[in-house]
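Chemist: sequence below, structure please.
(one chain, ligands or ions: 1)
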Amino acid sequence: MVEQVGECESCGKAIYCDHGFLDGVYEQGHLFCSEACADSGNNISHV
Ligand SMILES: [Zn+2]
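Modeler: Residues are numbered from 1 along each chain as shown. Alright, predicted model coming up:
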C-alpha cells in the first residue's frame, strides 16, 4: 500500500509512504523529497 503523505516543501514533489517506508526526508517538522532539498529548505527557512 502506497500513500501520499505530502509534498516536498522545497520543490513541491509529491512524497509517498510505501509499506511504512517514507520516500523522502522528514526533518525538524518539515517534509522534503531528498537530503538535498532538506538542505536547501533549511537554508531558506534560516534566512
Ligand atoms: Zn524536493
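Chemist: could you list the low-pLDDT ranges of this protein?
Modeler: 41-47 (pLDDT under 70).
Chemist: now with 50?
Modeler: Counting by pLDDT under 50, the ranges of the chain that qualify are 46-47.
Chemist: quick one: contacts for the closest residue to residue 32 other than its chain neighbours?
Modeler: Among residues not flanking residue 32 along the chain, residue 38 sits closest, at 4.1 Å (CB to CB, 6 or more residues apart in numbering). Every C-beta, even on glycine, is put in place using the N, C-alpha and C of the backbone. By CB atoms under 8 Å, 6 or more residues apart in numbering, the contact set of residue 38 is 10, 25, 27, 30, 32.
Chemist: among those, who's most crowded?
Modeler: Neighbour tally across the contacts of residue 38 (other CB atoms under 10 Å): the maximum, 24 neighbours, falls on residue 32.
Chemist: what's across from that residue in the sheet?
Modeler: When assigned by DSSP bridges, residue 32 has beta-bridge partners residue 25.
Chemist: residue 25 is in contact with that one, correct?
Modeler: Yes. When contacts are counted by CB atoms under 8 Å, residue 32 is listed as touching residue 25 (4.7 Å).
Chemist: how about the contacts of residue 38, which pair is most distant?
Modeler: Taking CB to CB as the measure, the contacts of residue 38 reach their widest spread between 10 and 27, a distance of 10.9 Å.
Chemist: is any residue of stretch 28-38 near the ion?
Modeler: Yes. Using CB under 5 Å from the ion, stretch 28-38 reaches the ion at 33, 37.
Chemist: what's the end-to-end length of that stretch?
Modeler: Terminal residues of stretch 28-38 lie 10 Å apart, using CA to CA, to the nearest Å.
Chemist: in that stretch, what's buried?
Modeler: 30-34, 37-38 (16 or more other CB atoms under 10 Å).
Chemist: how about the residues of this protein near the ion?
Modeler: Residues of the chain lying near the ion (CB under 5 Å from the ion): 8, 10-11, 13, 33, 37.
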